[in-house]
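Colleague: Sequence and predicted structure below; questions after.
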Amino acid sequence: MSLSPPALPSPLSRVADERLVDAGVELWLKRDDLIHPTVPGNKWRKLIPNLDAARAAGHTRVLTLGGAYSNHVRALAAAAAGRGLESVGLIRGDELADAPRNWSLARAEAAGMRLAFVDRAGYRRLRATLHEPATRRELTDRFGPCAVLPEGGSNAPAAHGAAAVAAELATQLPDLGHRDLVCCAVGTGGTLAGIAAGLPPGARALGVAALRGGAGYLEREIAGLHAAGWGRAFDNWSVDHPAHGGGYGRVSPQLASFAEDFTERHGVRPELRYVAKALRHLYAAAAAGELPRGSRVTLVVTGPPDPAPAAAVDGS
């Protein structure tokens, strides 16, 4: 199975909303969710460079880790199959091993991924020591030789892939500069790191953390990606942390209501665990006057919404 070509550059469209007009803020959506049907959004930008490098290094198998609804795990399964690679997913939660597969894990398995379920303590250990030789030997002994990608797929090649977002924006908005803020939700930091590195002088990048307790940690991760990928620091980015809504995967009634209202007003249904949190945060910041009048804010829609319940059950 080969992958169909991506739809690049991803579309850019303006959101017409009187609430933002009153605040003097322009909002644009960079629709990375439309890049590819099975490897959408930032996953295409982050995964394909890694998978091509794995193949070039002679690997036939790639391994990663993630949660039960991980967009990264599901996209990696499809992308690896399309690049002729086997895939292994280490999934957080050993209680899931004998449970019916949710729609996300079912799709990963249908794409050919081997799933291995790990208790939460073991998962934390693997995530923290993934690049240590002892952990690599442990994984090789169990699964055979493989290229290993971290949780979320964020590493230097992935960040370089995400930098293409900024390059596309510079073409789509030729005056991209001092009044521009490019925003994305942040899980592991690779997308924000790439966007910040690729922006022209004057423009800034803002990440909205989707997980609780990431203050300091995410900043260190992003700085590390800049050092590994570009050999330098960048001072044009920041991460806002209060909009996580209770933590990763948590969808409060208020967030769900905001997303439903946005869908009704603008015909775009935002993904809830990441995109809607960033979008709601921007609206709140505009209403509070935290975004200077005249700002042009571009939200990178990093992935599509979950399927409707019927589609999830059908596996479509």
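Modeller: In hand now; what should we look at? Keep in mind it's a predicted model, so treat the numbers as computed, not measured.

Colleague: now the strands for the protein?
Modeller: Secondary structure of the chain (DSSP state E): strands at 12-15, 26-30, 61-66, 86-92, 114-118, 147-148, 180-186, 204-209, 237-240, 296-300.

Colleague: and of those strands, who's closest to A223?
Modeller: Closest to A223 of the strands of the chain, according to CB to CB: strand 237-240, at 9.6 Å. Every C-beta, even on glycine, is put in place using the N, C-alpha and C of the backbone.

Colleague: So which bits of the closest one are buried?
Modeller: By neighbour count with 16 or more other CB atoms under 10 Å, strand 237-240 contains the buried residues W237, V239, D240.

Colleague: now, among those residues, which is nearest to A57?
Modeller: Using CB to CB, W237 is the member of the buried residues of strand 237-240 that sits closest to A57, with 30.6 Å.

Colleague: distance of the closest residue to V25 other than its chain neighbours from A227?
Modeller: Among residues not flanking V25 along the chain, A286 sits closest, at 4.6 Å (CB to CB, 6 or more residues apart in numbering). Applying CB to CB, to the nearest Å, the value for A286 to A227 is 33 Å.

Colleague: which of those two has more neighbours?
Modeller: Using other CB atoms under 10 Å as the criterion, A286 and A227 rank with A286 on top: 22 against 12.

Colleague: residue contacts, the more buried one?
Modeller: R19, L20, A23, V25, L27, V297 (CB atoms under 8 Å, 6 or more residues apart in numbering).

Colleague: dump the residue contacts of the fourth one.
Modeller: Under the criterion of CB under 8 Å, 6+ apart, the contact list for V25 reads A286, L291, R293, S295, R296, V297.

Colleague: which residues touch the spatially closest residue to R127 that is not a sequence neighbour?
Modeller: Distances taken as CB to CB, 6+ apart place E151 nearest to R127, at 5.6 Å, with adjacent residues excluded. Applying CB under 8 Å, 6+ apart to E151 gives the contacts T64, L65, G66, H72, R127, T188.

Colleague: got it, and E168?
Modeller: L8, P9, S10, K30.

Colleague: would CSV of those with neighbour count and distance to L47 be doable?
Modeller: Output for the contacts of E168, formatted as CSV (neighbours: other CB atoms under 10 Å; distance: CB to CB, whole Å):
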residue, neighbour count, distance to L47
L8, 13, 14
P9, 17, 18
S10, 25, 15
K30, 26, 18
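
Colleague: What is the end-to-end distance of stretch 91-102?
Modeller: For stretch 91-102, the separation between the terminal residues is 12 Å (CA to CA, to the nearest Å).

Colleague: Name the residues of it that are buried.
Modeller: Neighbour-count burial for stretch 91-102 [16+ other CB under 10 Å]: I91, R92, L96.

Colleague: Same check on stretch 238-251?
Modeller: Going by neighbour count (16+ other CB under 10 Å), the buried part of stretch 238-251 is V239, D240, H241, A243, H244, G245, Y248.

Colleague: picking that back up, which one of the buried residues of stretch 91-102 is nearest to D119?
Modeller: Closest to D119, out of all of these and judged by CB to CB, is R92, at 8.5 Å.

Colleague: Good, wrapping up.
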